[in-house]
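Visitor: build the 3D model from these lines:
(chains A, B, C and D)
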Number of protein chains: 2
Amino acid sequence: MLFGKNKDQDDTVVAMLAAAIRRDISFGALSPDQKLKIEELRQRYGGSNHSMRETLRLLTAEGMVEATAQRGFRVTSATEDDLRDILMMRLHVERFGLMRSMERADVAWEGSVIAAHHALRRAEERVQGDPDDLTALEWDEACRVFSATLVAASGSRRLIEMQDKFYNQSRRFRLALLREARLDFAARAKDQDALRDAILAKQTDHAIARLEDITRAEIMPDTG
Amino acid sequence: MLFGKNKDQDDTVVAMLAAAIRRDISFGALSPDQKLKIEELRQRYGGSNHSMRETLRLLTAEGMVEATAQRGFRVTSATEDDLRDILMMRLHVERFGLMRSMERADVAWEGSVIAAHHALRRAEERVQGDPDDLTALEWDEACRVFSATLVAASGSRRLIEMQDKFYNQSRRFRLALLREARLDFAARAKDQDALRDAILAKQTDHAIARLEDITRAEIMPDTG
DNA sequence: CATTTCACAAATATCCAATATTTTTCAACA
DNA sequence: TGTTGAAAAATATTGGATATTTGTGAAATG
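Guide: Below you'll find the predicted structure:
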């Protein structure tokens, strides 16, 4: 029992469907505002009509899909304003979470920050150039883990959940930036290193400022 | 069908079930951590097994219900820590939203603040003593509208949604405080008036401080 | 010619009943 | 005392069917 593995993973059909559709939305295979008809989705992803409905309801909760009564589901729109709104919220959550994490920091958390930063650096080196989808996915996962680690020691379950939710919503935009080669990897490396160092040096204000820099660069990649 | 009433409204079965269960959780008819078996719920509220599943999935997204794979649903637990976490998040969201609203304030918004404050004051007067459920509901609704109004001009759809979500989660605790007569209505009136005045006077810092006072009084009602 | 109306097709929401899978219970067993 | 392994209970998933709503286009109206 002590070493029982975590069985709460993607066991269920609904969870698998959700993962597949979530990924396709993130990669743009399902476009913003696209109508999601149950029958078509079933043909593409499998599952029964009810499983598909439940899946879409789940994705609606995550903000990837929007539902209108009596008018079905569609992919959440992704305008410039949406991007700004999502990243603004994510920054706000992560800023607050990072502050709290730094207040409650212990050695284990500092270790996980270092580890996540290291993995991120490696992933960023690998993803430059012309990455395939798998490399892009690994890079995105490293980004996700790094961001999640920042708030992991905040002690607030709901804050952690919210960070995850907004990260997922921002993923589409981030992958689009990567595809279009609009990311300044040199600047990112510098900011990420500075953020890690500020965290380890317990310079909260400095860390927050670096976090803001990193996020802002994803809102306006061509100006800063 | 099962609920022959208000057919003219756009309410779907799932939405009606969700409203009923949400209310019963808020009022404590469904206790924290209580197992929610589909069959029992169907007997009590009606609906098919799928509608009920979808409803529970919806409530899960709102944080009122928790789901575990292969182990069904249960009412979200409501410990002292949960209360603190929820109110901390709500305060954080409302604080940020209020700041943004005050930056972008216009006459229409100021008017809605005044209106919401007025309705809240009336509702608070009426709910003192030994209120019945309907009065309590109306009071709660006035509280909700007032809080929602604070962030309504923030310009961020997601911030507004988040405020609503955390308000809904905090409702249970607030109604419990009312039932147990642990609310200091005199202090609330004073704080609410001060908050409204600070908003209209565009004293952001002061308004934020009053908002914090109000929220803190709901976390530790007997010490403030 | 523009507009309204209405029937019909498409899509969505819901329900009933049945099967498969997974947990939980509990008593026999070493 | 602790383990094992069925039986029982609960959950997850499916299929097919029906009601309800929405969208569309042609005929009717002024």
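Visitor: give me the buried positions along the helix or strand encompassing A:Arg84.
Guide: A:Arg84 is part of helix A:80-103 when elements are defined by DSSP states H and E. Buried residues in helix A:80-103, counted by 16 or more other Cβ atoms under 10 Å in any protein chain shown: A:82-83, A:85-102. Heads up, the C-betas are built off the backbone N, CA and C, glycines and all.
Visitor: could you list which of those residues also contact chain B?
Guide: When contact is defined as Cβ under 8 Å from any Cβ of the partner chain, the buried residues of helix A:80-103 meet chain B at A:85-86, A:88-89, A:92, A:96.
Visitor: just the closest of these to DNA strand D, please.
Guide: When those are compared for distance to DNA strand D (Cβ to the nearest atom of the strand), A:Asp85 wins out at 25.7 Å.
Visitor: the closest one touches B:Ser156, doesn't it?
Guide: Yes. Taking Cβ atoms under 8 Å as the definition, A:Asp85 is a contact partner of B:Ser156 at 5.3 Å.
Visitor: so what does whatever residue of chain A ends up closest to DNA strand C look like in phi/psi?
Guide: Closest contact between chain A and DNA strand C, by Cβ to the nearest atom of the strand, is at A:Gly72 (2.8 Å). When quoted as degrees, to the nearest 10, the phi and psi of A:Gly72 stand at phi 80, psi -160.
Visitor: what number of residues lie near the nearest residue to A:Glu110 once chain neighbours are set aside?
Guide: Distances taken as Cβ to Cβ, 6 or more residues apart in numbering or on different chains put A:Leu200 closest to A:Glu110, at 6.1 Å, once the chain neighbours are dropped. Here the count is done by other Cβ atoms under 10 Å in any protein chain shown, and A:Leu200 has 14 residues near it.
Visitor: stretch A:75-89 and DNA strand C in contact?
Guide: No. Using Cβ under 7 Å from any atom of the strand, stretch A:75-89 stays clear of DNA strand C, coming no nearer than 12.3 Å.
Visitor: ok so, going back, distance of the residue of chain A closest to DNA strand C from A:Thr79?
Guide: Using Cβ to Cβ, to the nearest Å, we find A:Gly72 at a distance of 21 Å from A:Thr79.
Visitor: mind checking which of the two has more residues around it?
Guide: A:Gly72 (14 against 10).
Visitor: please report the number of neighbouring residues for A:Val13.
Guide: Neighbour count of A:Val13, defined by other Cβ under 10 Å: 15.
Visitor: now do the contacts for it.
Guide: By Cβ atoms under 8 Å, 6 or more residues apart in numbering or on different chains, the residues touching A:Val13 are A:47, A:51.
Visitor: cool, and the one 5 residues further on?
Guide: A:Ala18 is in contact with A:55, A:58-59, counting by Cβ under 8 Å, 6+ apart.
Visitor: what's the answer for A:Val127, then?
Guide: A:135-136, A:138-139, A:178.
Visitor: how close does it sit to A:Arg182?
Guide: According to Cβ to Cβ, A:Val127 and A:Arg182 sit 13 Å apart.
Visitor: how about A:Met102?
Guide: On the measure of Cβ to Cβ, A:Met102 and A:Arg182 end up 31 Å apart.
Visitor: give me the low-pLDDT residue ranges for chain A?
Guide: Low-confidence segments of chain A, defined by pLDDT under 70: A:1-10, A:222-224.
Visitor: helix or strand for the residue nearest to the spatial centre of chain A, which one?
Guide: Against the mean C-alpha coordinate of chain A, by Cα atoms, centre = their mean, the closest residue is A:Tyr167 at 3.0 Å. Assigned by DSSP H and E, A:Tyr167 falls within helix A:157-179.
Visitor: can you confirm A:Ser31 is in a strand?
Guide: No. Assessed with DSSP: H, G, I helix; E, B strand; the rest coil, A:Ser31 is coil; it does not lie in a strand.
Visitor: close to DNA strand D: what parts of chain A are there?
Guide: A:12-15, A:46-51, A:54, A:70-71.
Visitor: I'd say the residue nearest to the centre of chain A and A:Ala148 touch.
Guide: Yes. The criterion here is Cβ under 8 Å, and A:Tyr167 meets it with A:Ala148 at 7.2 Å.
Visitor: please name the nearest non-neighbouring residue to the residue in chain A positioned nearest to chain B.
Guide: Nearest to chain B in chain A, going by Cβ to the nearest Cβ, is A:Ala61, at a distance of 3.0 Å. Nearest non-adjacent residue to A:Ala61, counting by Cβ to Cβ, 6+ apart: B:Ala61, 3.0 Å away.
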